[in-house]
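*Asks:* The following comprises the amino acid sequence and a computationally predicted model.
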Amino acid sequence: MYEAAVAHYQATGERNLLDVAIKNADLIDQVFGSGKNMGVPGHQEIEIGLVKLYRVTGEQKYLDLAKFFVDQRGNAEGHDLTEGSHAGKYQQDHMPLAQQEEAVGHAVRAGYFYAGATDVAALTGETAYDQALDKIWKDIVHQKIYLTGGIGAERQHEGFGPDYELPNATAYTETCAAIALMLWNHRLFLRSGEVKYMDVFERTLYNGFLAGVSFEGNTFFYPNPLESDGVTKFNQGVCGRSPWFSTSCCPVNVVRLMPSLPGYIYATKGNAVYVNLYIGNRAELELGDQTLKLSQSTNYPWDGRVELTIQNEENIPATFKLRVPGWARNEVMSGDLYRYVDGLSPSVKISVNGETIDTNIEDGYITLEKRAWKQNDKIEIAFDMPVRKVVSHELVAANKGKMALERGPLVYCAEEVDNPEGVQNLTLAKEDAFEYTFDSELFGGLGKIEGNALVESNPTAFTAIPYYAWAHREIGEMAVWLKVR
Ligand SMILES: [Zn+2]
């Protein structure tokens, strides 16, 4: 509610919902805190909400209260840490954050917690959580994340499992957990400027998150498994998409994320503009005391051409930092959980006003040094976007002898409706070439990967579609990871 109130205030200038949120936060502040009720919320989320209230009102007490909730979690002084179905590790309340070293418990709670702690650290200068957050991030991205950016392998507690335990059919990977992971990674990026966080963000956005909502926006996934037998009712009693759930967190979370998406495309620092996501838009960005007016035009993720056009009437000095996504730098994600095995190195070409310039990728960005930009100046980016072949770390038992296909930021999957002989029966050849085609008829336009496969020893045609688009036609088998020979 606090986040909704802040968003409503920022969008409309009206205070009615904001005032309700403030009254509520003031009550929480009267009841909870050092020397008062020392309990912590059963489900983290208020921390990031309080930080937003602080940002918009300037009231220090909201930031202090957010910090209290972060610090008090796992602190046995003043509240009970006993293990139980809704306590202890399950809600990351087993030891103070500063001492934690791995991601445990319920994945949505965890993501919000880490995001809130990162906010508090950024705004208060507190450094006590930094090492823990870094260790936990590596624990997730190096050992506990799915190729889709989904987190939370274990259905029983909707949370993290042991290292490298990433079952596909029973993956929980809640839509909310994908969102929480994006919220956290964006905050880590803002603190550090490091591209690895936006790589996780983009991968999760286009795959683990986007799968959670149908094209029409009226049916949803709560868990987002990477495999389905077409029978098991994995989605809260449904095999397929569902219009609602008894706990409706995921659908309404989509409503939070989608309208906020424009805020993730760019970031600024002094005169520098970070272009982090390639999505068509028109933007006005504050660079010191000037405003950069920019438009972006692209067909991404279907192709890798992006055009940025300066719209300012007066010349404006700016440095551009163009993100080169992990898939274009041969890095699936930070760490060695996944790797490309196709031997390709996709090219990136940049031109300014038609003139090709050197593309020196440094720390994941191509920098266009500061210059005075004038109206209609054009920056063109061309990412080569071949079909990529991915394998997992050998300790991921579920993916042994299997391969996944990607193109651009999209992870692909095979569905039975396109592969009538069954998905589980398909075997791909590692050295085969797979072809990308754009089907302008399917769902109003969708990229496909096509090639050959074997069913037993019989050759057959093979088709994959983007993972986010699955379960929009007749229900059947689906898999991201396919047998390979
Ligand atoms: Zn949810």
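*Replies:* Done, it's in.

*Asks:* Can you report how many residues lie near Lys293?
*Replies:* 16 (other C-beta atoms under 10 Å). Bear in mind the C-beta positions are built from the backbone N, C-alpha and C, glycine included.

*Asks:* What residues of stretch 283-300 count as buried?
*Replies:* By neighbour count with 16 or more other C-beta atoms under 10 Å, stretch 283-300 contains the buried residues 283, 285, 287, 292-294, 296-298, 300.

*Asks:* mean confidence score for that stretch?
*Replies:* Averaged across stretch 283-300, pLDDT comes to 96.

*Asks:* what do you get for stretch 78-95?
*Replies:* Stretch 78-95 comes out at a mean pLDDT of 82.

*Asks:* now, which of the buried residues of stretch 283-300 lie within strands?
*Replies:* Counting by DSSP state E, the part of those found in strands is 283, 285, 287, 292-294, 296-298.

*Asks:* Reformat the residues you listed as TSV; add distance to the ion.
*Replies:* As requested, those are exported to TSV (distance: C-beta to the ion, whole Å):
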residue	distance to the ion
Ala283	30
Leu285	32
Leu287	37
Leu292	36
Lys293	37
Leu294	34
Gln296	31
Ser297	34
Thr298	30
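
*Asks:* And the residues you listed, which two are furthest apart?
*Replies:* By the measure C-beta to C-beta, Leu287 and Thr298 form the most distant pair in these, at 21.9 Å.

*Asks:* ok, how many other residues are close to Arg388?
*Replies:* Using other C-beta under 10 Å, Arg388 has 23 other residues around it.

*Asks:* Which secondary structure element is home to it?
*Replies:* Secondary structure assignment for Arg388, by DSSP states H and E: strand 387-392.

*Asks:* so how far is that strand from its chain's centroid?
*Replies:* Taking C-alpha atoms, centre = their mean, to the nearest Å, one finds the center of strand 387-392 at 19 Å from the center of the full chain.

*Asks:* Mind giving me the packing neighbours of it?
*Replies:* Helices and strands touching strand 387-392, by 3 or more C-beta pairs under 8 Å, 6 or more residues apart in numbering; DSSP states H and E, are strand 338-340, strand 402-407.

*Asks:* Determine which stretch of those strands is the most buried.
*Replies:* When the helices and strands packed on strand 387-392 are scored by mean count of other C-beta atoms under 10 Å, the highest mean neighbour count falls to strand 402-407 (a mean of 23).

*Asks:* Name the residues that touch that one?
*Replies:* 147, 301, 327, 341, 385-392, 411-412, 428, 430, 434, 436, 447, 449, 464, 480-484 (C-beta atoms under 8 Å, 6 or more residues apart in numbering).

*Asks:* which stretches of this protein form helices?
*Replies:* 2-12, 16-31, 46-57, 60-72, 107-124, 130-139, 175-192, 195-203, 249-260, 262-265 (DSSP state H).

*Asks:* okay if I get those as TSV plus mean pLDDT?
*Replies:* Shown next, in TSV, are the helices of the chain (pLDDT from 0 to 100):
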stretch	mean pLDDT
helix 2-12	96
helix 16-31	98
helix 46-57	98
helix 60-72	98
helix 107-124	98
helix 130-139	98
helix 175-192	98
helix 195-203	98
helix 249-260	94
helix 262-265	97
